[in-house]
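**Student:** Sequence and predicted structure, then a few things I'm wondering about:
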Amino acid sequence: MNRRPRLLATAAAGATAALLLTACGGGGGDKPKANDKIAGAATGGTTSAAPGPSATQSAGRPKIELPSDLTYTFEWPKTGDRDKDAVLNDSEQFIKAVDMAIAEQDPLHKAYRFYSEGPAAAGSQKFIQEFVDYKDRITGVKRYYKPNVKINSDGTAGFVYCEDQNKAYNKSLKTGKTEVTPKSKDNYVLYSSLLRVNKQDVWITEKLTSQRGSTACQS
């Protein structure tokens, strides 16, 4: 009997541990679990990373439009470093773009493919397809925090961050009902990504791994 695949951490794909930071410490088929995705404007009194240079200098960026019942808190303050701030900004846009593709039920949406390539793009497509298969999207609030960026000597960047999915849920597009799930340590996810800057001055996510239930993200 087929079971809905559990919503994994955003487009987890590839094995990049050796290339990524360990700054956050630690390391890690049900239906898609809404306590797992991303997007949108910062809320409350938290700080969201301001658009980096790449956001203002490059043309052709897709417009991100998300459901009004899906909001995000990005506790990613500016670092003052041009490249690091651009990594924070473009990673946020990638997160939002994946969620927009889920909301629009489009596994090949151009928005997330603007911000990703290789294993990360392939993982995103598979992740989005799971929601399409079950006619679900995400609702609620997601929180992103504990960011740590390293610009490597070869021009790539490693980025480690946490996500709290405890207030995000699956919403059925067929019934309109929201599946509210209880708070769980499994809803704390540690992400590690590898990015490179392209000719458009956009930091592209190439590899992304995740660890659900990370103790580093629960402190």
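**Tutor:** Perfect, I can see it now.
**Student:** Check the secondary structure at the residue positioned nearest the centre of the chain for me.
**Tutor:** The centroid of the chain falls nearest to Ile95 when counting by C-alpha atoms, centre = their mean (3.4 Å). Using DSSP: H, G, I helix; E, B strand; the rest coil, the structure places Ile95 in helix.
**Student:** Next: Gln211.
**Tutor:** Using three-state DSSP, the structure places Gln211 in strand.
**Student:** Next, count neighbours for it.
**Tutor:** Using other C-beta atoms under 10 Å, the number of residues around Gln211 comes to 21. In this view, the C-beta of every residue, glycine as well, is placed from N, C-alpha and C.
**Student:** in terms of contact, does it touch Leu190 like I think?
**Tutor:** Yes. Using C-beta atoms under 8 Å, Gln211 is in contact with Leu190, at 4.5 Å.
**Student:** what pLDDT does the residue nearest to the centre of the chain get?
**Tutor:** Note for Ile95: predicted pLDDT of 97.
**Student:** Could you identify the helix or strand that succeeds the worst-scoring helix or strand of the chain on mean pLDDT?
**Tutor:** Between all helices and strands in the chain, the lowest mean by mean pLDDT, DSSP states H and E belongs to helix 53-57, at a mean of 43. Next helix or strand after helix 53-57 toward the C-terminus (DSSP states H and E): strand 70-74.
**Student:** neighbouring strands for that next one, and are they parallel or not?
**Tutor:** Its sheet considered, strand 70-74 pairs with strand 136-151 (parallel) by DSSP bridges.
**Student:** next structured bit after the partner strand?
**Tutor:** Criterion used, DSSP H and E; the element after strand 136-151 is strand 157-172.
**Student:** which stretches of this protein have low pLDDT?
**Tutor:** In the predicted model of the chain, residues 1-59 satisfy pLDDT under 70.
**Student:** which SSE is Gln129 in?
**Tutor:** Assigned by DSSP H and E, Gln129 belongs to helix 118-133.
**Student:** for that helix, packing partners?
**Tutor:** helix 82-103, helix 110-114, strand 203-212 (3 or more C-beta pairs under 8 Å, 6 or more residues apart in numbering; DSSP states H and E).
**Student:** Now distance to Lys150 too, for those, in a markdown table please.
**Tutor:** Listed next are those as a markdown table, based on distance: least, C-beta to C-beta, whole Å:
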| stretch | distance to Lys150 |
| --- | --- |
| helix 82-103 | 8 |
| helix 110-114 | 24 |
| strand 203-212 | 13 |
